[in-house]
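Undergrad: fold the stuff below for me.
(chains A and B)
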Amino acid sequence: MPGLIRPDSTTDPALVAAYRNGDERAAAELVARHAAALGRFLYSLGADRDELEDLVQETLFRAFRRVESWRGGASFRSWLLTIGSNILRDEVRKRKGQLVSIDGRDIPDRADPAADFAAGEAEDRVRQGLASLPRLQREVFLLRAQEGSDYGDIAAALGTTPGAARVHYHHAVKRLKELVR
Amino acid sequence: MSDCEWLSDRMPIVALGKAAWTPDEIRHLNECGSCQREWELVQVASRLGDEASRSLQPITIATAVVRRLERERDGRLRRRAWGFAGLAAAAAVAGALWTGGLENGPSQTPPQGTEVAGRLSIPLPELESLDPAELDSVLQTMDEPAVNGSTDDPALDDLSIDELERVLDSWRVDA
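TA: Below is the predicted model of the structure:
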């Protein structure tokens, strides 16, 4: 395992530049920074818990292979998450919608099932609600709700405008509020 | 912007702990059912997948990703090296064919060799992309058999009668 380099003081663009110059420790540091967020995002989009690690690894591998295409318009994390979303979509296509329905699977074991039941149920309902949204609404909503990204960053990552991203977010919220009620 | 819109915009960063509600915002939130439902939704969404991603081990993933990147880079370099080796081999074959015409004797061969080379016209588009230094190194590998008098060429007495006739016929083409 390559040693990590100055975890807190180095920005993502600096780490990407270091990786482009051949420093593989920079890649390791970027992975350490973003793997968990990528896993959360992919799980929220409908990825199965069992395949999460493979998807995260594949996303990071492909991202570094084409890291030249990241120009810094969107944050590195948002760019990474959209690559993950594309990979997940390809997987879903390959399996003909196997991941679209998340009924009856992947309910986590909880230490205190009675106390956490309501929270777990709410999470499952949100996840099912997300699966029923159009792709852009789903991704905009998650980038904003999970990452706190602003509309400019979301728009740059998803190839849309900040105004359109705002509209997608509010449509997603409106539909999810109805579905999750 | 209405209070509801204002609150809606603030919800993600408050849910992620990057900001806190002001007293006015809390007052609105307590009074507005629609904002309460949205706030609940955003809170759930902000922690969605936390538990699933907790099982991920970033260091293990980083190691695997870096290894895959290294393997791919090594593979690319190997393929490039094989490409050059193949190119050099092709150039050497072209050189051998060219110098084969010289076997008839130094006084007659220069014009014949030139003609044979002209007619062979072996396409080597790979050469076009080479920079001068790379081209020099390829040309050096081509020069060696001619300079050394084709010492590595198979001897004619190793050939069967048929093969020998075919070789001689190929030399007679220019006569």
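
Undergrad: who are the packing partners of the host helix or strand of B:Ile26?
TA: Secondary structure from DSSP states H and E places B:Ile26 in helix B:23-31. The helices and strands touching helix B:23-31, judged by 3 or more C-beta pairs under 8 Å, 6 or more residues apart in numbering or on different chains; DSSP states H and E, are helix B:3-15, helix B:33-46. All C-beta spots, glycine's among them, are computed from the backbone N, C-alpha and C.

Undergrad: what comes up buried for the last one?
TA: The neighbour-count criterion (16 or more other C-beta atoms under 10 Å in any protein chain shown) identifies B:35, B:37-39, B:41-46 as the buried residues of helix B:33-46.

Undergrad: any idea which helix or strand comes after that helix?
TA: Counting by DSSP H and E, the next helix or strand C-terminal to helix B:33-46 is helix B:50-54.

Undergrad: pLDDT (mean, whole number) over that following helix?
TA: Averaging pLDDT along helix B:50-54 gives 90.

Undergrad: how about stretch A:122-141?
TA: The average pLDDT within stretch A:122-141 is 93.

Undergrad: any idea how far that stretch is from the chain center?
TA: Relative to its parent chain, stretch A:122-141 has a centroid offset of 12 Å by C-alpha atoms, centre = their mean, to the nearest Å.

Undergrad: dump the helices and strands packed on helix B:23-31 to CSV, plus mean pLDDT and distance to A:Ala157.
TA: Converted to CSV, these look like this (pLDDT from 0 to 100; distance: least, C-beta to C-beta, whole Å):
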stretch, mean pLDDT, distance to A:Ala157
helix B:3-15, 94, 15
helix B:33-46, 94, 18
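
Undergrad: and of these, who's closest to chain A?
TA: With C-beta to the nearest C-beta, the closest approach to chain A among the helices and strands packed on helix B:23-31 belongs to helix B:33-46: 4.0 Å.

Undergrad: what stretches of chain B score poorly on pLDDT?
TA: Counting by pLDDT under 70, chain B has low-confidence residues at B:100-131, B:134-135, B:137-159, B:164, B:167-168, B:170-175.

Undergrad: again with chain A
TA: Within chain A, the ranges that satisfy pLDDT under 70 run A:1-9, A:96-119, A:181.

Undergrad: could you rerun that using 80?
TA: Scanning chain A for pLDDT under 80 picks out A:1-9, A:95-120, A:179-181.

Undergrad: strands along that one, start to end?
TA: Using DSSP state E, chain A contains no strands.

Undergrad: show me which residues of chain B sit near chain A.
TA: Within chain B, the residues that sit near chain A (C-beta under 8 Å from any C-beta of the partner chain) are B:8, B:11-13, B:15-16, B:18, B:34, B:37-38, B:40-42, B:44-59, B:61-66, B:68-70, B:72.

Undergrad: list buried residues within those.
TA: Neighbour-count burial (16+ other C-beta under 10 Å) applied to the residues of chain B next to chain A gives B:8, B:11-13, B:15-16, B:37-38, B:41-42, B:44-49, B:51-53, B:56, B:58, B:61-62, B:64-66, B:68-69.

Undergrad: any idea how chain B splits into domains?
TA: Following automatic domain parsing, chain B resolves into domains at B:3-55, B:58-103, B:110-141+B:157-175.

Undergrad: stretch A:20-32 close to chain B?
TA: Yes - Stretch A:20-32 is in contact with chain B by C-beta under 8 Å from any C-beta, via A:24, A:27-29, A:31-32.

Undergrad: got a PyMOL select line for the buried ones in those residues?
TA: Here is the PyMOL command that picks out the buried ones among those, judged by 16+ other C-beta under 10 Å:
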select buried, chain A and resi 24+27+28+29+31
